[in-house]
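Visitor: The following comprises the amino acid sequence and a computationally predicted model.
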Amino acid sequence: MNFQSVKGFVLFLIIVSCQLLTVNLVNAQTNYQQRYTNAKSLFREEKYNLAMESFKALITYDKDNPFSEYASFYYAISAYQQGYASVAKDMFLQIRQLYPAWDQLDEVNLWLGKIHFDNKEYFQAMNQLAGVKNQKFQKDIQTVKKTGLASLTDLNTLTRLHEEYPKDAVIGERLAAELAKNGTGRESQELLEKLVSTFRLKKTEFITGPPATVHKDVYSVSVLFPFSVNTLEPTLGRKRNQYILDLYEGMKLAVDTLRKMGVNISLRAYDTDRNPEKVKSILALNELLHTDLIVGPLFQEENEPVQEFSRKNKINLFNPVTNNFDLVRDNPYGFLYQPSLEALGEQSAKFMNKQLANKNCMVFMGDTKRDSVLAMSFLNAANETDLKITLIKRFTKESSSQILEILATPTEFDEFKYPKQFTLPKDSLGGIFVASDDPLIYTKVVSSVTTRGDKVVILGSENWLDQTTDYEKLNALGVVMFASNFTSPNNTLYNAFLQKFIRTHGRSTSSMPYTDYAKIGYDFMFFAGNMLKKHGVYFQHELNKPEMQGYLTEGYNFQYSRDNQHVPFIHFVKGELSVLKAEY
């Protein structure tokens, strides 16, 4: 074969090879296309398990395979649809890493946001959705957010989300909805008002107000108390439930005073006997439907049917003595005349933050639910201040001796064998909040601080004054007490009330050292009577205003709340109780 022949043959082979290569490439591309088309068909038919297998074979990168990104994407969705969320998440993250310039990364971020929401990883979900740039997905983003946040009811998490994304309307509306159902206290109500305004929400859907008020010549007030008349001893001595009788007698005296002022109250008493069935029979009386205000009940076991009656018939209800907001929480017409435990804890933290130069603070509590609510409210509020909580400790009667060990275990003594240094160094602690009325707990705190001899502020409850006679220690240590029922001895209205009670009943108002239930009954009824006269049956329209001056007690503040947010703090000054003034 000559040279020209060889040359021609080689050229022929090259041409044939190129043609074969072209055919193979076309066949390969056709093969990838067919496999992808088949996988997509299975996907559309929602045969996700088969689709996963088909897409899996197309995921591996090949220069001849133009479907790697899409196969990976639909593989992830197929996995999600079968409940393999973690597999889907890993694949979406792999797509972002391998194909950072892919034009469908917005959809990847959208799916990652949805998966994070499913896992209740709310902040991560919002972060993923923030990566979606194309405006055409805004409707999808809103849907994912609404679905993902629908089951979130925790106010703390929703509030933190709002703080992180203050302009997000979906979060704002979700927080508003939860505040409308479960938000209590002034700050919650102020935030709700702000959210409604900022996101232009329909106010009537989030802030349910009472009906228009009604003015009358005579207002009926129904008192549902466990008088237990049938079991009272027929003697002049004090009865077992004397405080309930005193509470009612104080209300009756206030009604008499109001009548002389031109305020007419028809006071009707019903004996609940602490019996839920008896309560239900009272509520069945037709006259209760026409009452303007319900006072009571006083105990948990009587509470539910009365709250339901109040709520259903839109009749305002006040509990004059309890601090337990749970008794009225689900009733928009239910109010506490006293501050709630939440208010006492919150105001105590703010007060102590202002009072203490040394911000180190301990919190001691007993083992009751009341103590826990009070302590946690203090701690939650303290976290928003400069207070530094160095110890939180719960004690039982059996473990209360540990208080002395914590506060007053000596390490050094002076020449007279008196302790001069402790395991907790002197002046290292600024204050102790004692969330308990158990004498075994607070008396040990008082004794320990007395032993230490340094300046530690003890903050507790006015209830201690009924349980101890050692006022000298409270005076010497400057113990501070939250005291919603405090009345200054210089209050002329109080002195007139005392004289009137003695003239009417021939005895003093109370046998207790501090708490005077007749005074509380009088003060409450005087407050309620004046509100009814000035503002009608639904006087709560006027309660949502700044603090009001008290009559016998220091004052009232129901702004954005259904419990009295006014919390005075008292201490002894030269042996006499006085309000401790502080700006907070």
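Guide: Received, thanks. None of these values were measured; they are calculated from a predicted model.
Visitor: list the contacts for Thr159?
Guide: Neighbouring residues of Thr159 by C-beta atoms under 8 Å, 6 or more residues apart in numbering: Leu175, Leu191. All C-beta spots, glycine's among them, are computed from the backbone N, C-alpha and C.
Visitor: Sorry, slip of the keys, the one I care about is Ala476.
Guide: By C-beta under 8 Å, 6+ apart, the neighbours of Ala476 are Thr450.
Visitor: Please renumber the chain so that the first residue is 44 from this point on.
Guide: Yes, from this point I'll number from 44; that puts the last item at Ala519.
Visitor: what separates it from Asn284, distance-wise?
Guide: From Ala519 over to Asn284 the distance is 36 Å, taken as C-beta to C-beta, to the nearest Å.
Visitor: could you say what helices and strands the one helix or strand Arg546 maps to packs with?
Guide: In the assignment (DSSP states H and E), Arg546 maps to helix 535-548. In terms of contacts (3 or more C-beta pairs under 8 Å, 6 or more residues apart in numbering; DSSP states H and E), helix 535-548 is packed against helix 285-303, helix 560-578.
Visitor: quick one, which of the ones you listed is nearest to Ala312?
Guide: Proximity to Ala312 (C-beta to C-beta) singles out helix 285-303 among these, at 6.5 Å.
Visitor: and the closest one, average pLDDT?
Guide: Average pLDDT, helix 285-303: 96.
Visitor: Off-centre distance for that helix?
Guide: Distance, stretch centre to chain centre, for helix 285-303: 35 Å (C-alpha atoms, centre = their mean, to the nearest Å).
Visitor: and what of stretch 443-455?
Guide: With C-alpha atoms, centre = their mean, you get 34 Å for stretch 443-455.
Visitor: what about it, start to end distance?
Guide: 24 Å (C-alpha to C-alpha, to the nearest Å).
Visitor: Mean neighbour count, the helices and strands packed on helix 535-548: which tops it?
Guide: helix 560-578 (a mean of 23; mean count of other C-beta atoms under 10 Å).
Visitor: so where's the stretch 494-627 of the chain uncertain?
Guide: 625-627 (pLDDT under 70).
Visitor: coming back round to it: to Glu248, which of the helices and strands packed on helix 535-548 lies closest?
Guide: Nearest of the helices and strands packed on helix 535-548 (C-beta to C-beta): helix 560-578, 25.6 Å.
Visitor: Which strands or helices does the very next helix or strand once past that closest one pack on?
Guide: Using DSSP H and E, the helix or strand that directly follows helix 560-578 along the chain is strand 591-592. Strand 591-592 makes packing contacts with strand 598-599 when contacts are defined by 3+ C-beta pairs under 8 Å, 6+ apart.
Visitor: Show me which residues of stretch 350-361 are buried.
Guide: Gln350, Phe352, Ser353, Arg354, Ile358, Asn359, Leu360, Phe361 (16 or more other C-beta atoms under 10 Å).
Visitor: now do stretch 537-545
Guide: In stretch 537-545, the ones that count as buried by 16+ other C-beta under 10 Å are Tyr537, Phe540, Leu541, Lys543, Phe544.
Visitor: One more: stretch 454-471?
Guide: Pro462, Phe465, Leu467.
Visitor: so what's the second one up against?
Guide: For Phe465, the residues meeting the contact criterion (C-beta under 8 Å, 6+ apart) are Leu450, Ala451, Thr452, Pro453, Thr454, Arg495.
Visitor: ok, and the most crowded of the residues you listed?
Guide: Leu450 (23 neighbours; other C-beta atoms under 10 Å).
Visitor: So that residue sits against Val488, correct?
Guide: Yes - the criterion here is C-beta atoms under 8 Å, and Leu450 meets it with Val488 at 7.2 Å.
Visitor: Measure how far stretch 94-104 is from the centre of its chain, please.
Guide: 50 Å.
Visitor: before we move on, what about stretch 590-603?
Guide: For stretch 590-603, the distance to the chain centre is 23 Å (C-alpha atoms, centre = their mean).
Visitor: any idea how far Ile484 is from Phe421?
Guide: 15 Å.
Visitor: okay, the two: which has more neighbours?
Guide: For Phe421 versus Ile484, the count of surrounding residues by other C-beta under 10 Å is larger for Phe421: 29 against 25.
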